[in-house]
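[1] Model the structure of this input:
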Amino acid sequence: GGAYDYMIMDSGWTPDIAPFLAGSFVPGGNLVARVASRCIRIGVKLLLKLPPLNWLCRQTSTVGICLMSPHSEGEVRLGSSDSLAPPVIDPAYLTDGRDVACIREALEEWRGMAAASPTAKQTLGAELLPGPLFGHGKGERGMRRWAKVSGFSFFHPVGTCRMGTDRATSVVDLELRVHGVNNLRVADASIAPSLPSAPTMAMCCMVGHRAASLIAESLQEGFGGDLLLNS
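    Numbers count the residues shown, from 1 in each chain. Alright, predicted model coming up:
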């Protein structure tokens, strides 16, 4: 399965995460659903300001399971022939069963570490989530439901303009030039052939530095200026 990592978030996160999770239970993406979700989030946030509930929330601990090398792959498609129309973006989270299995494996490993720790036994009480509401995450269906409700992205998408030598599977070549288009390069996270197991900022800085060098070299060689696309 894919690699995973852990984050231990202090109890102060709970009042911030709970309204988001409550609002996530509202199905649909139309205006009514969005308004209902927002109202639920505001209501839960106000309830958590009550002293008894606020105290209870701050007696919890959260372990975040980070899927560092997911197998699921999304896509970006043209929405229409209108160049000004927004593209269709489908992140396709957890569509590959190996990702769900990896999250379940990480959860079981963490439970095992907690059970083997004398300190954890003294300080940790009952498991709230995934807990009985999601079948303790034992089966794939329960784990998938829990992951979709409580999970969120780190917003590090890459690969929509993948670099490579094969035009059938890539958008730019090894010098960031768009295949079949003169004087056009792409220099951002979209050119990464695969998702790095780390935040993408450092990679983007290196890509930008390399793009600047390549453009400078092309100007010195007299090939004219390049149009650089980046986000």
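[2] Thought His156 was touching Ala192, still the case?
    No. Look at Ala192 against His156 with Cβ atoms under 8 Å: they stay out of range, at 9.6 Å. For the C-beta atoms, the positions are set from N, CA and C on the backbone; glycine is no exception.
[3] Quick check: neighbours shared by these two?
    Thr200 (Cβ atoms under 8 Å, 6 or more residues apart in numbering).
[4] Contacts only, for the residue sitting nearest the centre point of the chain.
    By Cα atoms, centre = their mean, the chain has its centre lying nearest to Ser153, at 2.3 Å. Taking Cβ under 8 Å, 6+ apart, we find Ser153 in contact with Pro91, Tyr93.
[5] Let's verify it: helix, strand, or coil?
    At Ser153 the chain is in coil, as set by DSSP: H, G, I helix; E, B strand; the rest coil.
[6] Going along the chain, name the helices of the protein.
    14-24, 31-47, 51-57, 97-116, 118-123, 140-150, 201-220 (DSSP state H).
[7] CA atoms only: put stretch 126-137 into PDB for me.
    C-alpha atoms of stretch 126-137 as PDB (Å, rounded to 0.1, in the frame of the first residue of the first chain):
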ATOM      1  CA  ALA A 126     -12.900   5.300  24.700                       C
ATOM      2  CA  GLU A 127     -12.400   5.800  20.900                       C
ATOM      3  CA  LEU A 128     -14.900   8.300  19.600                       C
ATOM      4  CA  LEU A 129     -14.100   8.100  15.800                       C
ATOM      5  CA  PRO A 130     -14.200   6.000  13.800                       C
ATOM      6  CA  GLY A 131     -15.800   4.200  16.700                       C
ATOM      7  CA  PRO A 132     -19.100   2.300  16.600                       C
ATOM      8  CA  LEU A 133     -20.700   4.900  14.200                       C
ATOM      9  CA  PHE A 134     -18.400   3.700  11.400                       C
ATOM     10  CA  GLY A 135     -18.000   0.100  12.600                       C
ATOM     11  CA  HIS A 136     -14.700   1.000  14.200                       C
ATOM     12  CA  GLY A 137     -13.300   1.100  10.600                       C
END
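[8] okay, and for the protein, where does confidence drop off?
    1-29, 47-60, 222-231 (pLDDT under 70).
[9] now do 80
    1-64, 119-129, 131-144, 148-152, 154, 221-231 (pLDDT under 80).
[10] Would you mind saying which of the helices of the chain lies nearest Met68?
    helix 97-116 (9.5 Å; Cβ to Cβ).
[11] so the closest one versus helix 140-150, what angle?
    90 degrees (axes from the mean of the first three to the mean of the last three Cα atoms, to 10 degrees).
[12] and the gap between Cys39 and Ser150?
    Distance of Cys39 to Ser150, given as Cβ to Cβ, to the nearest Å: 20 Å.
[13] which of the two has more neighbours?
    Counted by other Cβ atoms under 10 Å, Cys39 and Ser150 do not tie: Ser150 has more neighbours, with 17 against 12.
[14] thinking again about what came up before, Serialize the helices of the chain to TSV and add fields for distance to Ser80.
    Output for the helices of the chain, formatted as TSV (distance: least, Cβ to Cβ, whole Å):
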stretch	distance to Ser80
helix 14-24	30
helix 31-47	22
helix 51-57	46
helix 97-116	31
helix 118-123	54
helix 140-150	29
helix 201-220	29
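[15] which stretch among the ones you listed comes nearest Leu176?
    In terms of Cβ to Cβ, the element of the helices of the chain nearest to Leu176 is helix 201-220, at 5.4 Å.
[16] Pull out the buried residues from the closest one.
    Met203, Cys204, Val207, Ala211, Leu214, Ile215, Ser218 (16 or more other Cβ atoms under 10 Å).
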